[in-house]
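J.: Sequence unavailable; structure follows:
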């Protein structure tokens, strides 16, 4: 469904660009075709660029509970341009046309990785990370959460089915989960319902564990569940998030939260910090760019490798046979 919606939105952008180009050619008959075309494309690009910039502005407006490192203007510009590029590639190419949810990629003797995308996305979001997993010969599967605006708990059966299918395909008894944004909350909801026996590690990327103020601009039950109301440090998370947190224990070796202290969607940024988990902070990276940033990808691969080693050691330990 998200792929169809993304293609529809892309078609609308093409139509708008075409109409503007046509209007330019009508009002300036002597203008070359490339100028009229450029005006249409440039208009659409500027709108997309303004939306990305506004997300950073909105994120700052919700305040922060802890100080955020200040970035120089060059790094701010680089962060913005990389986030804009990641957004354009994801929403205009990967999600509409390059979904990764068709079939799992399997390698022998590899603990599999289940990839869970975030709100308003689909499996195409993971294309960059999937390329690195394939190069490392790590088995993986990316799910497409449907319907896109449903209750987060309603995705739990789909995750159960994906875990069962991955374990059957690889002959493994456990999986590693990597969840971006809302995908991390879906994974936590699955853990609440099923326990951690089948999970070797849960790695979240830019997940609003304590909610985000920007969720109020979204639609759907899942958006309401991710809401954080008020301005930090006096903001509060939704009843659903409060109940999820109350149901959990600690699992320092199981849970890892990787996040950016300059996230333009998770606001305040400290909402991405998960109590009881190992929290790894990055600076100067936007929300969508997290899964394509080289440093973040290297960190994710390190965590996956560490989880694989721990799983192998546990299975070969003498205690495992008692």
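T.: That came through fine. Values in this document were obtained by computation on a predicted structure and should not be read as measured data.
J.: which secondary structure elements does the longest helix seen in the chain contact?
T.: Longest helix in the chain, counting residues (DSSP state H): helix 33-61. If you count contacts as 3 or more Cβ pairs under 8 Å, 6 or more residues apart in numbering; DSSP states H and E, helix 33-61 packs onto helix 2-27, helix 73-89. Yep, even glycine has a C-beta here, placed from its N, CA and C like the rest.
J.: List the buried residues in that helix.
T.: Buried residues in helix 33-61, defined by neighbour count with 16 or more other Cβ atoms under 10 Å: 36-41, 43-44, 48, 52, 55-56, 58-59.
J.: Out of the helices and strands packed on helix 33-61, the one nearest residue 122 is which?
T.: helix 2-27 (4.1 Å; Cβ to Cβ).
J.: Just the mean pLDDT for the closest one, thanks.
T.: For helix 2-27, the mean pLDDT works out to 95.
J.: Next: stretch 309-318.
T.: The average pLDDT within stretch 309-318 is 80.
J.: got the buried residues for it?
T.: For stretch 309-318, by 16+ other Cβ under 10 Å, it's residue 311.
J.: now do stretch 76-95
T.: For stretch 76-95, by 16+ other Cβ under 10 Å, it's 79-80, 82-84, 86-87, 89-92, 94-95.
J.: starting at the chain centroid, how far to it?
T.: Centroid separation for stretch 76-95 versus its chain: 13 Å, with Cα atoms, centre = their mean, to the nearest Å.
J.: And for that stretch, what's in contact with it?
T.: The contact list for stretch 76-95, computed with Cβ atoms under 8 Å, 6 or more residues apart in numbering, reads 2-3, 6, 9-10, 13, 48-49, 52-53, 56, 71, 121-122, 124-125, 127, 262, 264, 284-289, 292-293.
J.: Okay, strands next: where are they in the stretch 101-250 of the chain?
T.: 113-116, 140-142, 175-180, 199-205, 228-229, 236-237 (DSSP state E, counting those that start in this stretch).
J.: rewinding a little: as CSV, the buried residues of helix 33-61 with pLDDT would be great.
T.: Formatted as CSV, those follow (pLDDT from 0 to 100):
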residue, pLDDT
36, 93
37, 94
38, 96
39, 96
40, 96
41, 97
43, 97
44, 97
48, 97
52, 97
55, 97
56, 97
58, 96
59, 95
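J.: Could you tell me which of the contacts of stretch 76-95 count as buried?
T.: Buried among the contacts of stretch 76-95 by 16+ other Cβ under 10 Å: 2-3, 6, 10, 13, 48, 52, 56, 121-122, 124-125, 127, 262, 264, 284-289, 292-293.
J.: So residue 213 sits against residue 62, correct?
T.: Yes. Residue 213 is within contact range of residue 62, at 3.8 Å (criterion: Cβ atoms under 8 Å).
J.: So for the two, which residue has more residues nearby?
T.: residue 213 (24 against 20; other Cβ atoms under 10 Å).
J.: how close does that one get to residue 268?
T.: 8 Å (Cβ to Cβ, to the nearest Å).
J.: so what sits against both of those two?
T.: 62, 228, 235.
J.: Relative to residue 245, which of those residues is nearest.
T.: residue 228 (12.7 Å).
J.: right, and that closest one touches residue 271 too?
T.: Yes. Shown here, residue 228 and residue 271 form a contact pair, counting by Cβ under 8 Å, at 6.2 Å.
J.: Please identify every residue contacting each of the two.
T.: With Cβ under 8 Å, 6+ apart, residue 228 and residue 271 have common neighbours 208, 210, 211, 212, 237.
J.: residues contacting the closest residue to the second one other than its chain neighbours?
T.: Of all residues not flanking residue 210 in the chain, residue 271 sits nearest, at 3.9 Å (Cβ to Cβ, 6 or more residues apart in numbering). Counting by Cβ under 8 Å, 6+ apart, residue 271 makes contact with 208, 209, 210, 211, 212, 228, 237.
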